[in-house]
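In: Could you look at this predicted model? Sequence included:
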Amino acid sequence: MYKKVISLLLISLLTISLFAGCGQKSAVSSDTIKVGWMGSLTGDQAVWGQCELNTVKMLFEEINAKGGVLGKKLEVVGYDTKGDPQEAVNVAKRLTTQDKVVTILGPNASGSAIPIAPVLEAAKVPDIATVATNPKVTVMDGKVKPYNFRVCFIDPYQGAVAAGYAADILKAKTAAILYDVGDDYSQGLTQFFEETFTKKGGKIVAKEGFKSGDVDFRPQLSKIKAANPEVIFMPYFFKEVALSSNQARELGITATLMGGDGWPSDQLLQMAKNAVEGSYFVNHLDFNDPEVQDFKTRYKNKYGKEVELNGYLVHDAVLMFVDALQRAGEPNSEKIAKALEETNIKGITGTIKIGKDTHNPEGKEAAIIKIVDGKYIFQQKYTPQ
């Protein structure tokens, strides 16, 4: 009889746990709301992930010091994805099933943000990606993913901005592209740069690929040099940008270098200050905008270093979450997801009005940044015509 009672109790507990994922509330403490974070804390992009997690911790401390949200304290549970898509899936499962978070912030890369959608849908937990710009993060085959959101603009827009600026403002007639053939982000920017540049009458005179982890770009750059482009578009991340731009200059290439939001980092300037002098990249904001100075100062005072690009985006992801949580009225993941679809707030990276059919911020302008004397100098807000 005792064994039968225990068996029935275990079955009851299992049944309860199976239904707990439906619109789950923050577990463990009724006074605490658990929020997940995922991103790269190790590997080439660790500097971005560390900045993101630091920012979330700082903002939650500030919010909690003022009484929290809905009378409850916010707690971040952060895990390293190692920049690996499968690890991102593992982390998403852990956050939703074990930690019972009501929302996830991050990841900061499209390759990690795309594959976690089934996990989010199974748990009914929303995710707000930070710097994941591939369209497939939120929309697949024309259908919006119900629990995937983002705070940044997308690759079609970013690639078009870079191409439009090259053609319309820099008056370039020829361009070459060097891109990472295995990266969703790099492929996306490449596609839309090429489409926009050619539509504007420009010609792509060379297009060369490499694989993540490569350190020698000379074979591809030699072919690009022979094509003599006015502009070279480099849509990948700062480490490879530093290596390839140094090698380009060593080969005598004088073309203007251009890139996307994978460029800005203090490490780029440390590794390739002279090589990237005079280059342009598309960014989410002007680092010298008066509206971001308070945040920059608070971050530097707390951590003793400058905030990276990702810090600004996750700052606004936190604003999105808090706004949605307040409108949801309770820490219920499904209600938060519904509230996120109606987001219309002013962030430090611009106005964030989420499109219900895309889960993307609509109408965010891009900033064009030029590297001058080892500094990131804002040029203008630009929208391709």
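Out: Yep, it's here. Fair warning: this is a prediction, and the values are worked out from it, not measured in the lab.
In: Show me what the host helix or strand of Trp37 pairs with in its sheet, parallel or antiparallel.
Out: Here Trp37 sits within strand 32-39, counting by DSSP states H and E. Take DSSP bridges as the rule and strand 32-39 pairs in its sheet with strand 73-80 (parallel), strand 104-105 (parallel).
In: can you list those in CSV and add distance to Ala248, mean pLDDT and mean neighbour count?
Out: In short, each C-beta sits where N, CA and C put it, glycine included. Output for the strands paired with strand 32-39, formatted as CSV (distance: least, Cβ to Cβ, whole Å; pLDDT from 0 to 100; neighbours: other Cβ atoms under 10 Å):
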stretch, distance to Ala248, mean pLDDT, mean neighbour count
strand 73-80, 33, 98, 19
strand 104-105, 36, 98, 30
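In: In CSV: those, plus distance to Asp168.
Out: CSV is the format used below for the strands paired with strand 32-39 (distance: least, Cβ to Cβ, whole Å):
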stretch, distance to Asp168
strand 73-80, 41
strand 104-105, 36
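In: before we move on, back to that, now the element after the strand holding Trp37, going C-ward?
Out: helix 46-65.
In: How far off centre is that next one?
Out: 15 Å (Cα atoms, centre = their mean, to the nearest Å).
In: who's in contact with that helix?
Out: By Cβ atoms under 8 Å, 6 or more residues apart in numbering, the residues outside helix 46-65 that reach it are 35, 37, 39-41, 69, 73-76, 78, 80-81, 105-106, 108, 130-131, 265-267, 298-299, 302-303, 307-311, 313-315, 318, 322.
In: export that helix as CSV, just CAs?
Out: This file holds the C-alpha atoms of helix 46-65, laid out as CSV (Å, rounded to 0.1, in the frame of the first residue of the first chain):
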residue,chain,number,x,y,z
ALA,A,46,33.2,36.9,-25.5
VAL,A,47,33.9,40.6,-25.1
TRP,A,48,30.3,41.2,-26.4
GLY,A,49,28.7,38.6,-24.3
GLN,A,50,30.4,39.7,-21.1
CYS,A,51,29.3,43.3,-21.7
GLU,A,52,25.7,42.1,-22.3
LEU,A,53,25.5,40.1,-19.1
ASN,A,54,27.3,42.9,-17.1
THR,A,55,24.7,45.4,-18.4
VAL,A,56,21.7,43.2,-17.5
LYS,A,57,23.1,42.7,-14.0
MET,A,58,23.7,46.5,-13.6
LEU,A,59,20.2,47.4,-14.8
PHE,A,60,18.5,44.8,-12.6
GLU,A,61,20.4,46.1,-9.6
GLU,A,62,19.2,49.6,-10.4
ILE,A,63,15.6,48.5,-10.9
ASN,A,64,15.6,46.4,-7.7
ALA,A,65,17.0,49.3,-5.7
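In: how about it: buried residues?
Out: Neighbour-count burial for helix 46-65, counted by 16 or more other Cβ atoms under 10 Å, picks out 47-60.
In: which one of the residues you listed sits closest to Asn246?
Out: Val47 (18.8 Å; Cβ to Cβ).
In: follow-up on the earlier one: got the CA coordinates for the strand holding Trp37 in PDB?
Out: C-alpha atoms of strand 32-39 as PDB (Å, rounded to 0.1, in the frame of the first residue of the first chain):
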ATOM      1  CA  THR A  32      11.600  37.200  -7.500                       C
ATOM      2  CA  ILE A  33      11.100  37.100 -11.200                       C
ATOM      3  CA  LYS A  34      13.700  35.100 -13.000                       C
ATOM      4  CA  VAL A  35      14.900  36.300 -16.400                       C
ATOM      5  CA  GLY A  36      17.300  34.300 -18.600                       C
ATOM      6  CA  TRP A  37      20.300  35.600 -20.600                       C
ATOM      7  CA  MET A  38      22.300  33.700 -23.100                       C
ATOM      8  CA  GLY A  39      25.400  34.700 -25.200                       C
END
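In: and the angle for it with helix 46-65?
Out: 170 degrees (axes from the mean of the first three to the mean of the last three Cα atoms, to 10 degrees).
In: mean confidence for strand 32-39?
Out: The average pLDDT within strand 32-39 is 98.
In: who's in contact with stretch 295-306?
Out: Residues from elsewhere that reach stretch 295-306 (Cβ under 8 Å, 6+ apart): 54-55, 58, 62, 266, 287, 307, 311-312, 315, 348.
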